[in-house]
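S.K.: Here you go, sequence then predicted model.
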Amino acid sequence: MTLEDLKNLVTILGIFGTVGVFIKGIFEFSRQNAMRRLELFQSMRKRFEESPSIKRVRDALESDGKDAFATLTKNDKVDFLAFYEDLALMVDTRMMRFDIAQYWFSFYVIMANDEDAFWVGLDPNLPYWKVVRQFAAKMKLAEANLAGQTQKTFRL
């Protein structure tokens, strides 16, 4: 083996090493991205379950009578809608997948959007609620489309 052959061998090994490190970096980036998405989902789930305002709205939506909405404050409703605006932003920026958001969070936003008693004290036609109302409409359409499909496995 000549010095030139040794130089070529080292160059080739260096190239393979560089490509290997690059591929490992891509896999590591993907893994960290999945972890960040999981943490984001968990924080949204915690906020959804533990926020007193959101809980009061959920309880009102689950109740049978329209009088449950009379106990809600405007702040309760705005906090609930702000949660869904944040969720819509995360879906639109691909920080959270649409199917994950639809599976975990769509039930209440669809109900609130369709419930006239929820909107008492708020004007649903104001531009402030456009993002939430469009998000609810997308969720409702996705729910209707899911009715005829088989079960799907979700990936974060």
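M.R.: In hand now; what should we look at? Residues are numbered from 1 along each chain as shown.

S.K.: Can you name the next helix or strand after the helix or strand of the chain with the lowest mean pLDDT?
M.R.: The helix or strand with the lowest mean pLDDT-type score in the chain, counting by mean pLDDT, DSSP states H and E, is helix 3-50 (a mean of 88). The helix or strand immediately downstream of helix 3-50 is helix 52-62, counting by DSSP states H and E.

S.K.: Are there helices or strands packed against that next one, and which ones?
M.R.: Here helix 52-62 touches helix 3-50, helix 74-92, helix 98-114, going by 3 or more Cβ pairs under 8 Å, 6 or more residues apart in numbering; DSSP states H and E. From N, CA and C alone the C-beta is placed, and that goes for glycine too.

S.K.: Domain-wise, how is this structure divided?
M.R.: 1-50, 52-149 (automatic domain parsing).

S.K.: Pick the most deeply packed of those.
M.R.: Of all these, domain 52-149 has the most neighbours on average by mean count of other Cβ atoms under 10 Å, namely a mean of 16.

S.K.: Just the mean pLDDT for that one, thanks.
M.R.: The average of the pLDDT scores along domain 52-149 is 91.

S.K.: Centre of the chain to that domain, how far?
M.R.: Domain 52-149 has its C-alpha centroid displaced from the chain centroid by 13 Å (Cα atoms, centre = their mean, to the nearest Å).

S.K.: contacting residues around stretch 75-90?
M.R.: The contact list for stretch 75-90, computed with Cβ atoms under 8 Å, 6 or more residues apart in numbering, reads 40, 44, 47-48, 51, 53-54, 56-57, 95-96, 101, 105, 108-109, 112, 118, 121-122, 129, 131-132, 134-136.

S.K.: on that earlier part again, turn the helices and strands packed on helix 52-62 into TSV, including distance to Ala147.
M.R.: Output for the helices and strands packed on helix 52-62, formatted as TSV (distance: least, Cβ to Cβ, whole Å):
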stretch	distance to Ala147
helix 3-50	24
helix 74-92	21
helix 98-114	13
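
S.K.: among those helices, which is nearest Ala144?
M.R.: With Cβ to Cβ as the measure, helix 98-114 is the member of these nearest Ala144 (10.2 Å).
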